[in-house]
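1. quick one, what's the 3D model for this:
(chains A and B)
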Amino acid sequence: MEDEIPNPKSEAERSETPETSAIPNARISILEIFLTFLVIGATSFGGGVVAYLRNSLVTKKQWLDDEGFLAALEISQALPGLNATNMAVIVGDRLRGVPGAVAGFLGITMPGAAVVFGLALFYANNSGNAAVNAVLKGVGAASVGLLLAVTLQIGHKQLEHRLDMALVALTLVLVSFIHVPLLYVLLTVGPIAVLLYRPHKLTPDRSGLDKRPLD
Amino acid sequence: MKLLQLLGVFSLLSILAIGGGTAVLPEMKAMVTEHKDWGIDDAQFRDIYAIGQLAPGPNMLMVVAIGNHVAGFPGALVAFLAFFLPACVIAVVTSRVWVHFEGSPWRLAIQRGMAPIVVGLMLAGTIAIARTAIVGKDSQICLAFAAVVFIALYFGKKMNPALLILAGGVMGFFLLR
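-> Now for the predicted structure:
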C-alpha cells in the first residue's frame, strides 16, 4: 500500500514526523474531506465505525497509511470524546488544518444527527403509541447485548493481568453501585492506575507486567 | 435557562467522555434524569438511547434527541455542539502536540493504566442501559433479546450488529406490546 502513494515527498515527510503520517496534499479539497466523512457518517451502522474509517481513509482514499491511522486512533482513544469524531477532526486537521477538521466533523455527524432529530420528532408526537414503545424497548434490549459484547471484546484484547481486572472491578463498583460521580472516579482511579503502570514498574520479573504496548 | 443547563451538562460530559460514548453513559443518565424539569425518566432515557442506536454514524448522537426533548430544535443544537465541540477542540490541539511525547515511557503508562478504567466504565455504561431496558413485566423477554444478541456477536462470526439491533426492534414490535 505504501509503495502506491504517489506523492514523492511523503517518505521524507513521514520520517520527519513519524506519528503524523498523513500524506499532506494540497489538492485534497475541503469538500472532498466533507463528502468522504459524510459517506462514513451515513453508512456506518452498529457502532463499528473504526472499521469504516480504516476502509475509507487508508484503503480507498490513501490519505493515511496503516501506521498513521493507528497513531491517530491511539490519540482518539486516549482523549475525551468519541473515536469517530476525534478521528474525523484529527485527520481533517492533518489534511487541511482547522477547516479540514470542521469539514470532517460535520461530515461524520450530520447524517446521523439528522436521522436522530427526525426520529426524536416522531417519538415526541407518538410517545403514547404502544407499537413505537415496543420497538424502542426491543432495540434497547438488543443494545444491551451489543454493548456487553463490544465491551468484553475490547477487554479481552487489551487486558491481561490481575491488576487490570482489579481496576476494572474498582471502576465498575464505584460508578455502577456506589454511584460516585465520574469526575471523581477519573481523578482518583486514573492517577492510581497510571502510577501502578509507571515506567519503572514495567519490569516483567518483579511484577509480571510486560512492556508490550496494548495493541 | 434550559439551554444554559443543556450547555453546562453536555460540555461537562464532553470533557469527561474519556473512553468514548459508552463510558460516559452512566454519568449522562444520572445527570439527565436528575434534572427533573427536563422531564426524562428511565424509560424515556432508554427510548432515546434506542433512537440513537437506530441512526448511522457516531453512537452518541442521542444527545440531539435529549436536547430536542428538553428545548426543541435550539436544544438539540446546543446539546449537539456542547457534547462534541469541547472534545473535538481537545483532540485537534492534542494531536498537534502529541508527537513531542513520542517515546515517553509515561505515555505508555497512561495508555496502559487507562485501558482497564475504560473497560470498567463501558461495563458500567452497559449496566446503566440494562437497568432501563431490562425491567418491568417484559424483563425476561428483554433479557432473552440481550442474551441472543450478545451470543451472536461474541461467539458468532462477523455478524452485522446493526441487523441484530433492527431485529430487536422488529421482535419488540411483536413481543413487547
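
2. alpha carbons only for contacts and neighbour counts from here, please
-> OK.

3. and the longest helix along chain B, what does it pack against?
-> Counting by DSSP state H, the longest helix found in chain B is helix B:62-98. Judged by 3 or more CA pairs under 8 Å, 6 or more residues apart in numbering or on different chains; DSSP states H and E, helix B:62-98 is in contact with helix A:66-78, helix A:83-125, helix B:2-16, helix B:42-54.

4. residue B:148 is nearest to which of the ones you listed?
-> helix B:42-54 (17.3 Å; CA to CA).

5. ok, the residue nearest the centre of chain A - contacts?
-> Geometric centre of chain A, nearest residue: residue A:83, 1.8 Å, by CA atoms, centre = their mean. Residue A:83 sits next to A:50, A:73, A:76-77, B:20 when contact means CA atoms under 8 Å, 6 or more residues apart in numbering or on different chains.

6. what of residue A:101?
-> A:88-93, B:92.

7. from residue B:106, how far out is it?
-> 28 Å (CA to CA, to the nearest Å).

8. buried only: go through the contacts of residue A:101 for me.
-> A:88-93, B:92 (16 or more other CA atoms under 10 Å in any protein chain shown).

9. sec struct for the residue of chain B positioned farthest from its centre, please.
-> Using CA atoms, centre = their mean, the residue of chain B lying farthest from its centre is residue B:103. It sits 32.7 Å away. Secondary structure for residue B:103, judged by DSSP: H, G, I helix; E, B strand; the rest coil, is coil.

10. rewinding a little: just the contacts of residue A:101 now: which is nearest residue A:190?
-> Closest to residue A:190, out of all of the contacts of residue A:101 and judged by CA to CA, is residue B:92, at 22.5 Å.

11. now do the contacts for residue B:48.
-> So residue B:48 contacts A:120, B:62, B:65-66 (CA under 8 Å, 6+ apart).

12. the same query, at a cut-off of 7 Å, please.
-> Residue B:48 makes contact with B:62, B:65-66, according to CA atoms under 7 Å, 6 or more residues apart in numbering or on different chains.

13. returning to that earlier point: out of the contacts of residue A:83, who's the most crowded?
-> residue A:76 (29 neighbours; other CA atoms under 10 Å in any protein chain shown).

14. I'd assumed residue A:86 was in contact with that one.
-> Yes: with contact defined as CA atoms under 7 Å, residue A:76 counts as touching residue A:86 (5.2 Å).

15. report pLDDT for residue A:112.
-> Residue A:112 carries a pLDDT value of 96.

16. need the phi and psi values for residue A:80.
-> When read as degrees, to the nearest 10, the backbone of residue A:80 gives phi -60, psi 160.

17. low-confidence ranges in chain A?
-> Applying pLDDT under 70 to chain A flags residues A:1-26, A:46-47, A:201-215.

18. angle of the longest helix of chain B against helix B:2-16?
-> 40 degrees (axes from the mean of the first three to the mean of the last three CA atoms, to 10 degrees).

19. right, and the helix or strand after helix B:62-98?
-> helix B:105-133 (DSSP states H and E).

20. helices or strands up against that next one?
-> helix A:130-158, helix A:162-172, helix A:182-196, helix B:21-34, helix B:42-54 (3 or more CA pairs under 7 Å, 6 or more residues apart in numbering or on different chains; DSSP states H and E).

21. and the longest one, which residues are buried?
-> The reference is to helix A:130-158. Going by neighbour count (16+ other CA under 10 Å), the buried part of helix A:130-158 is A:131-152, A:154-155, A:158.

22. the fourth one now?
-> Using 16+ other CA under 10 Å as the burial criterion, the residues of helix B:21-34 that qualify are B:21-29, B:32-33.

23. what's the mean pLDDT across stretch B:51-60?
-> So the average pLDDT for stretch B:51-60 ends up being 91.

24. equivalent analysis for stretch B:70-77, please.
-> Here the average pLDDT along stretch B:70-77 is 97.

25. how deep is residue A:43 tucked in, by neighbour count?
-> 17.

26. cool, and residue B:42?
-> Residue B:42: 17 neighbours (other CA under 10 Å).

27. show me the contacts for the residue lying closest to residue B:8 once chain neighbours are set aside.
-> What sits nearest to residue B:8 in space, not counting adjacent residues and going by CA to CA, 6 or more residues apart in numbering or on different chains, is residue B:82, at 7.8 Å. Residues in contact with residue B:82 (CA under 7 Å, 6+ apart) are B:7, B:10-11.

28. and these near chain A, which?
-> Restricting those to those within reach of chain A (CA under 7 Å from any CA of the partner chain) leaves nothing.
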